[in-house]
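Novice: sequence-free structure coming up:
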C-alpha cells in the first residue's frame with residue numbers, strides 16, 4: 001500500500017469480480033456484448049434526432065439528452081473490462097474521486113431527465129393543444145441544462161466532503177469502480193458529516209423525480225381512460241417508462257440514500273450492474289425503437305448509408 005507520511009492512502013485497489021480465468025472471461029464477454037449495442041443504440045438516437053426534422057420534438061430531444069448514459073457507461077465499464085486482464089488493478093486517490101464525481105453527476109442528471117420525459121408525455125396527453133406552447137424549444141433546452149447543473153452541483157458537494165476524509169488503510173475497494181459505499185467504508189475518521197451531506201441531497205434527488213414520474217403517469221392513465229380512442233398508444237408508453245424508472249430507482253435508492261445499508265447484503269456490485277448497464281440498454285428500445293417515426297428515420301439512415309457505400313436496401 002502506498003501511503004503519504006505513513007498515514008494517508010494515495011492509491012486504492014479495486015477488487016472487481018474475483019474468480020478463475022474461465023469465470024472472468026465469461027463475465028467479460030457478457031459485459032462487452034451488453035455494452036456495445038447499448039452505446040451504439042444511444043449514439044444512433046442522437047444522430048437520428050439531429051438529422052431528421054420530424055424528430056425535432058420535445059420528447060425526442062429529451063430522449064436524446066438521456067443518451068448521456070453513454071458517458072455514464074464510459075466512466076465505469078472501460079476500467080471494469082480492463083480489470084479482467086490487469087495484474088494490478090489500482091487507481092490513484094485523485095482518479096478515484098474524479099470517477100466518483102462524474103458517475104454521481106451523471107446519475108443525478110439522468111434521474112431529473114427521466115422525470116422531464118414523464119412530464120412531457122403528461123402535457124402531450126392531457127393538454128395536447130397547449131403542448132407546443134408549454135413544451136417550447138426554450139424549455140426543452142433549459143430542462144437538460146438544469147438537469148446537468150443540478151446533477152453536477154450535487155456531485156461536487158458530495159465529493160468535496162468525501163475527499164476531506166482521511167483514509168489510513170486498508171486500501172481495498174470491494175467494487176469494480178469507486179462508488180460511495182465501498183469508499184466510505186475505508187475512511188478512518190468520523191464520516192457523519194459526509195454521510196449527512198450525501199443523505200440529504202440523495203433523499204431529494206432519488207425520491208422527488210420518481211414521485212413526479214408516478215404522478216405524471218397517473219394523470220396520463222386517468223386521461224386515457226376517459227378517451228374513446230388512444231388507449232393502446234398512450235398506456236404502453238407510460239407503462240414502459242414506469243418500468244425504467246422502477247428499475248433505476250429501486251437500485252439507486254438502496255445504494256445512495258443510505259450507503260451503509262446495502263453492505264450487509266453484499267449486493268452492491270450486482271445492483272451497480274443494473275443501473276450502470278441494464279437501464280441504459282433498455283432506453284433505446286423503450287423510448288425510440290418502438291416508435292414508428294423513429295423506425296422510419298432509422299430506415300432512411302440505413303438507406304442513405306447503403307447508397308453511399310454502393311449497396312441497396314429495401315424500405316418497407
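Specialist: Thanks, I have it. Source: prediction; values computed, not measured.
Novice: and the strands in this protein?
Specialist: Listed in chain order, the strands found in the chain under DSSP state E are 3-4, 8-9, 11-14, 90-92, 172-173.
Novice: compare the mean pLDDT across those strands and name the weakest.
Specialist: Mean pLDDT across the strands of the chain is lowest at strand 3-4; the value there is a mean of 42.
Novice: relative to residue 213, which of the strands of the chain is closest?
Specialist: With CB to CB, the closest approach to residue 213 among the strands of the chain belongs to strand 172-173: 32.4 Å. In this view, the C-beta of every residue, glycine as well, is placed from N, C-alpha and C.
Novice: look up how far residue 244 lies from the spatially closest residue to residue 103 that is not a sequence neighbour.
Specialist: Distances taken as CB to CB, 6 or more residues apart in numbering put residue 75 closest to residue 103, at 4.9 Å, once the chain neighbours are dropped. For residue 75, the distance to residue 244 (CB to CB, to the nearest Å) stands at 20 Å.
Novice: can I get the strands of the chain in TSV including mean neighbour count and distance to residue 292?
Specialist: What follows is those, written out as TSV (neighbours: other CB atoms under 10 Å; distance: least, CB to CB, whole Å):
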stretch	mean neighbour count	distance to residue 292
strand 3-4	12	59
strand 8-9	18	55
strand 11-14	19	44
strand 90-92	16	45
strand 172-173	18	46
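Novice: could I get the full set of helices for the chain?
Specialist: Using DSSP state H, the helices assigned to the chain run over residues 21-51, 58-65, 69-83, 93-126, 131-134, 137-163, 180-185, 192-225, 231-252, 268-273, 279-283, 292-308.
Novice: flag the shaky bits of the stretch 151-300 of the chain, pLDDT-wise.
Specialist: For the stretch 151-300 of the chain, residues meeting the criterion pLDDT under 70 lie at 228-237, 241, 250-268, 287-290.
Novice: and of the helices of the chain, who's closest to residue 170?
Specialist: When those are ranked by distance to residue 170, counting by CB to CB, first place goes to helix 180-185 at 9.7 Å.
Novice: name the residues that touch stretch 159-171?
Specialist: By CB atoms under 8 Å, 6 or more residues apart in numbering, the residues outside stretch 159-171 that reach it are 1, 3, 7-9, 11-13, 93, 97, 100-101, 104, 180, 183-184, 186-189, 191, 193-194, 197-198.
Novice: what number of residues lie near the residue nearest to residue 103?
Specialist: 21 (other CB atoms under 10 Å).
Novice: residue 60 too?
Specialist: Other residues near residue 60 number 24, with proximity taken as other CB under 10 Å.
Novice: could you report the neighbour count for the residue lying closest to residue 72 once chain neighbours are set aside?
Specialist: Distances taken as CB to CB, 6+ apart place residue 106 nearest to residue 72, at 4.2 Å, with adjacent residues excluded. For residue 106, the neighbour count with other CB under 10 Å is 23.
Novice: which residues touch residue 249?
Specialist: When contacts are counted by CB under 8 Å, 6+ apart, residue 249 is found next to 111, 206, 210.
Novice: top of those by number of neighbours, please.
Specialist: Top of those by neighbour number is residue 111, holding 24 neighbours under the definition other CB under 10 Å.
Novice: for residue 71, see how far away the spatially closest residue to it that is not a sequence neighbour is.
Specialist: Spatial nearest neighbour of residue 111, chain neighbours left out: residue 209 (4.6 Å); criterion: CB to CB, 6+ apart. With the distance defined as CB to CB, residue 209 ends up 19 Å from residue 71.
Novice: and the two? Which one has more around it.
Specialist: More crowded of residue 209 and residue 71, by other CB under 10 Å: residue 209, with 24 against 15.
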